[in-house]
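Asker: test case, fold it:
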Amino acid sequence: MQDWISLGYLLSAALFIFGLKKLGHPRTAPFGNQLGALGMLVAVVTTILQMGLGDGIEWVLIGAGLVIGSLIGLWMAIRVEMTGMPELVALFNRFGGAASALVALSEVWRYMEDSSNVPTDQLEITVIMVAAGLSALVGWMTLTGSLLAMFKLKGGVSIFGKWIKTPTWGPVWLNPVKVMMVVGVAVLIYLSIDAPTDENYLWGIIGISSLLGIVLVLPIGGADMPVVVSLLTSLSVLSAAFSGFIIGNSVLIVAGSLVGASGLILTFIMCKAMNRTLPDVLFKSFGGSGEKESLTRTKVGSDPDEVAMMLDGAQKVIIVPGYGMAVSQCQHQVKEFADLIAEKYDTEVKYAIHPVAGRMPGHMNVLLAEANVPYEQLIEMDEINPEFPDCDVALVIGANDTTNPAARSGEGPLAGMPIIDADAARTVVIVKRSLSVGYAGVDNDLFYMDKTMMLFGDGKAMMTGLNNAIKES
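Answerer: Residues are numbered from 1 along each chain as shown. Okay, here's the model as predicted:
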């Protein structure tokens, strides 16, 4: 039986590795997701067999947990809109961190209830207590931090029917407090090694870690939130790896380390794309105060017929999708627009993809792939930006912060963030409901340029109107 258990863990680890590899490209990502889910199923079944449960209540509890958890996950996956995916990812981080923290908590509680369970080898005690402390630190910090991140992405929380905006607050003196909290947890972990049955140290670690998660995320807002969500994702699975050391489960160690390392790599890639360093995001509060600028300027809107006339003869059009496209679910109308002008005007069409467009990496790629947009037309920001000066029309659909020239000014929440150079195109067409500011709360000078045409209205309605105007022209 032990050989089969080892084989099961090896198979699950291999499925995780191949699944992560397939997630590297939109075309193979669905299959990669399926491989990861299969790997988790194999790991769960193998772990249950290793536990050697009898015919009693244990099977009922485990079976009920699997069924209820699966139904909840299926229900959430079916109900979530693409615009809600960043919040859902943050919420799942919360669940992962909480699960790992509870595993560590249950193991330490076992020592407290019966001191005879405490290992006699000092090295083993040290490894277990350090792993338990780190799992509690990362798990509870991820739990509270991810919950706050979810409400920040959502914009607030409804309590008894009243909408309360999630604050963004971070004075300079808060950074030393963060460091002191981490040091405090380290001291408590050290003290718990000599007293593994003392629950006071455990509750101290949980309390400080929970508060630390809130304090870390509270100052961060605006365009840096996707980086925080990515970091919390990697930390939640690293917490699982620490739990693996506590209970001696190899698949938890392998899967947690593998996915955690991948998440950290993604975090650093996103930091580079945002022209930030991770310490800057965590300690310099680039997100700003959370206040939104008041609008003092106006812009006369255009209509689809005007835009259709201007598109006649355009040799190159670059489409810049954003969060507004996801909200209006107009990706199919955008694909129809691209096909129309390519066929009618022989126009070259490309899509400019910002790393965090839609507040999450790959958000726009998934939406456009759903509309069968060819992958070769989806061009990353660094590759597409040099082409804008030779572009006749840049069609911006609901993208605000990712095209805002204010990022080049070196001031404000968007300071230094690389953007799509849509303002370098000969003509800019922006489909947007209004002149309202984006998630970072900064007014966009691109809206008010002489060469910019604004199509005010719902993205799906405006793109449908534009497509009809092109057909009739």
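Asker: please make it C-alpha for all contacts and neighbour counts, starting now.
Answerer: Noted.
Asker: ok, and what's touching the helix or strand of the chain with the lowest mean pLDDT?
Answerer: One helix or strand of the chain scores below all others by mean pLDDT, DSSP states H and E: strand 156-159, with a mean of 70. With contact meaning Cα atoms under 8 Å, 6 or more residues apart in numbering, strand 156-159 is reached by Phe151, Trp163, Ile164, Lys165, Thr166.
Asker: just the buried ones from those residues, in ChimeraX syntax?
Answerer: In ChimeraX, a selection of the buried entries from the contacts of strand 156-159 looks like this (16 or more other Cα atoms under 10 Å):
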select :151,166
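Asker: and Thr47, how many neighbours?
Answerer: Residue neighbour count, defined by other Cα atoms under 10 Å, stands at 16 for Thr47.
Asker: isn't there a strand covering it?
Answerer: No - assignment of Thr47 by DSSP: H, G, I helix; E, B strand; the rest coil gives helix, placing it outside any strand.
Asker: need the three-state assignment for Val428.
Answerer: strand.
Asker: show the pLDDT at it.
Answerer: Listed pLDDT for Val428 reads 95.
Asker: my guess is it meets Pro389, correct?
Answerer: No - judged on Cα atoms under 8 Å, Val428 makes no contact with Pro389 at a distance of 11.6 Å.
Asker: and these two? which has more neighbours close in?
Answerer: A direct count of neighbours by other Cα under 10 Å for Val428 and Pro389 places Val428 higher, at 25 against 14.
Asker: distance of that one relative to Ile470?
Answerer: The gap separating Val428 from Ile470 is 17 Å, by Cα to Cα, to the nearest Å.
Asker: what's the answer for Ile341, then?
Answerer: Going from Ile341 to Ile470 by Cα to Cα gives 8 Å.
Asker: those two: which is more packed in?
Answerer: Counted by other Cα under 10 Å, Ile341 and Ile470 do not tie: Ile341 has more neighbours, with 24 against 21.
Asker: that one contacts Thr347, doesn't it?
Answerer: Yes - using Cα under 8 Å, Ile341 is in contact with Thr347, at 5.8 Å.
Asker: and the strands in the stretch 101-250 of the chain?
Answerer: With DSSP state E, counting those that start in this stretch as the criterion, the stretch 101-250 of the chain has strands at 156-159, 162-165.
Asker: now render those as TSV, adding distance to Arg79.
Answerer: Listed next are the strands of the stretch 101-250 of the chain as TSV, based on distance: least, Cα to Cα, whole Å:
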stretch	distance to Arg79
strand 156-159	19
strand 162-165	22
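Asker: Val373: which of those strands is closest?
Answerer: Each of the strands of the stretch 101-250 of the chain has some distance to Val373 by Cα to Cα; the shortest is strand 156-159, at 33.9 Å.
Asker: need the pLDDT of the residue lying farthest from the centre of the chain.
Answerer: Residue farthest from the centre of the chain, counting by Cα atoms, centre = their mean, is Ser116 at 43.8 Å. Listed pLDDT for Ser116 reads 72.
Asker: same question, Lys178
Answerer: For Lys178, the pLDDT comes out at 90.
Asker: run through this structure and note the low-pLDDT ranges.
Answerer: Applying pLDDT under 70 to the chain flags the ranges 1, 53-56, 93, 158, 160-161, 163, 221-223, 284-296.
Asker: quick one, domains of it?
Answerer: Segmentation of the chain into domains, based on automatic domain parsing, reads 1-79, 84-283, 304-472.
Asker: ends of the last one, how far apart?
Answerer: Put plainly, it is domain 304-472. With Cα to Cα, one end of domain 304-472 sits 11 Å from the other.
Asker: centre of the chain to it, how far?
Answerer: Here domain 304-472 is found 22 Å from its chain centre; the criterion is Cα atoms, centre = their mean, to the nearest Å.
Asker: now the second one
Answerer: Using Cα atoms, centre = their mean, the distance from the centre of domain 84-283 to the centre of the chain it belongs to is 16 Å.
Asker: residue ranges of the helices in the stretch 51-200 of the chain, please?
Answerer: With DSSP state H, counting those that start in this stretch, the ranges of helices along the stretch 51-200 of the chain come out as 57-79, 85-113, 122-154, 174-194, 199-217.
Asker: same check, this time on the stretch 351-473 of the chain
Answerer: With DSSP H, counting those that start in this stretch as the criterion, the stretch 351-473 of the chain has helices at 363-370, 381-384, 459-472.
Asker: same for the last one, what does it pack against?
Answerer: So the one you mean is helix 459-472. helix 304-311, helix 323-328, helix 331-344, strand 427-432 (3 or more Cα pairs under 8 Å, 6 or more residues apart in numbering; DSSP states H and E).
Asker: what angle separates it from helix 304-311?
Answerer: Counting by axes from the mean of the first three to the mean of the last three Cα atoms, to 10 degrees, helix 459-472 lies at 60 degrees to helix 304-311.
Asker: may I see the buried residues of helix 459-472?
Answerer: Buried, per 16+ other Cα under 10 Å, within helix 459-472: Gly459, Lys460, Met462, Met463, Thr464, Gly465, Leu466, Asn467, Asn468, Ala469, Ile470.
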